[in-house]
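Visitor: Next one to model:
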Amino acid sequence: MLDRQGRYGGPAEPLAHEAAPGPEHGVRAVVFDLDGVLVDSFEVMREAFSVAYAEVVGAGEAPFAEYNRHLGRYFPDIMRIMGLPPEMEEPFVRESRRLASRVQVFEGIPELLDSLHRSGVPMAVATGKAGERARALLARLGLLDRFEVVIGSDEVVRPKPAPDMVRLAASVLGARPGQTMMVGDAVTDLHSAHGAGVRAAAALWAGVDPEPLLREAPDVVLRSPAELLEHVATPVAAP
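Guide: Purely as a prediction, here's the structure:
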């Protein structure tokens with residue numbers, strides 16, 4: 001359901017978490033987080049955050065380690081949680097755009113997306129970034145056309161860790177929750193997946209600390225992009 005600002009509100013009550021199907025049933029739709037899953041933007045985020053902190057707060061070391069613990073959330077929400085000025089968003093976005101050419105696709109991701117596309121598996125992105133920024137980045141990297149929809153945190157009433165983004169993505173992809181997988185590298189991604197009733201996959205190829213993710217009991221742990229293919233349904237050949 002859309003509100004008057006065109007943002008998705010989602011149902012008030014969480015969907016029941018379906019039992020994860022075994023590999024013989026497989027995943028029929030995939031929702032990806034963006035940063036730390038599809039693209040390596042860590043150093044760009046660090047530099048942009050440091051510049052924004054210096055401009056708005058002033059001297060001193062920018063608390064990037066704390067910021068990093070909240071990745072997956074919308075930037076204004078992180079500022080609120082950390083008690084930092086919301087005015088940091090403007091220079092952060094400005095610097096992120098300026099440094100965008102340094103963001104690279106993780107090794108194995110283009111091959112993974114190509115394999116899923118050839119198998120007819122519909123894909124979406126649900127990201128902590130604003131939607132326009134996410135789509136511009138994916139277009140620059142030549143990946144945008146692989147996704148049925150790219151949903152930013154500014155395009156839903158309740159961004160991650162709420163389930164709204166993942167629910168909306170699954171709805172657009174036309175997949176049942178039990179046949180949909182959310183692939184993320186942050187606790188917020190797994191919370192969103194569990195709340196939406198979809199399978200939660202912890203992506204570890206960016207070198208994140210696995211312990212916080214494992215404590216969230218993901219359905220699947222992926223150490224490389226190619227491992228996702230082991231959980232995807234094999235298309236049935238036409239007679």
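Visitor: which residues in the protein form strands?
Guide: Secondary structure of the chain by DSSP state E: the strands cover 29-32, 39-40, 104-105, 123-126, 149-151, 180-184, 199-203, 220-222.
Visitor: Which among these is found nearest to Val56?
Guide: Within those, the stretch nearest Val56 is strand 39-40; the backing value is 25.7 Å (CB to CB). Glycine gets a C-beta too; all of them are placed from N, C-alpha and C.
Visitor: what about the helices in this protein?
Guide: Under the criterion DSSP state H, the chain carries helices at the ranges 42-56, 64-69, 75-82, 89-98, 109-118, 131-140, 164-173, 187-196, 210-214.
Visitor: who's in contact with the first one?
Guide: When contacts are taken as CB atoms under 8 Å, 6 or more residues apart in numbering, the neighbours of helix 42-56 outside the stretch itself are 35-36, 60, 62-64, 67, 71, 84-85, 87-93, 95-96, 99-100, 102-103, 206.
Visitor: Least confident of the helices of the chain, on average?
Guide: When the helices of the chain are compared on average pLDDT, helix 64-69 comes out lowest at a mean of 91.
Visitor: what separates the residue nearest the centre of the chain from Leu113, distance-wise?
Guide: Per CA atoms, centre = their mean, the C-alpha nearest to the average position across the chain is that of Asp33, at 1.7 Å. With distances taken as CB to CB, to the nearest Å, Asp33 is found 14 Å from Leu113.
Visitor: Also Ser96?
Guide: Noted for Ser96: a distance of 23 Å to Leu113, by CB to CB.
Visitor: and stretch 221-230, which residues are buried?
Guide: Within stretch 221-230, the residues that count as buried by 16 or more other CB atoms under 10 Å are Leu222, Pro225, Glu227, Leu228.
Visitor: repeat for stretch 191-210
Guide: So stretch 191-210, judged by 16+ other CB under 10 Å, has buried residues 191-205, 208.
Visitor: Farthest pair within those?
Guide: Gly197 and Trp205 (25.4 Å).
Visitor: circling back: partner residues bridging the closest residue to the residue nearest to the centre of the chain other than its chain neighbours?
Guide: Leaving aside its sequence neighbours, Asp33 sits nearest to Gly184 (CB to CB, 6 or more residues apart in numbering; 4.1 Å). Applying DSSP bridges to Gly184 gives these bridge partners: Ala202.
Visitor: Next, format the strands of the chain as TSV and append distance to Arg167 and mean pLDDT.
Guide: Converted to TSV, the strands of the chain look like this (distance: least, CB to CB, whole Å; pLDDT from 0 to 100):
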stretch	distance to Arg167	mean pLDDT
strand 29-32	10	98
strand 39-40	24	96
strand 104-105	27	97
strand 123-126	10	98
strand 149-151	10	97
strand 180-184	10	97
strand 199-203	14	97
strand 220-222	19	97
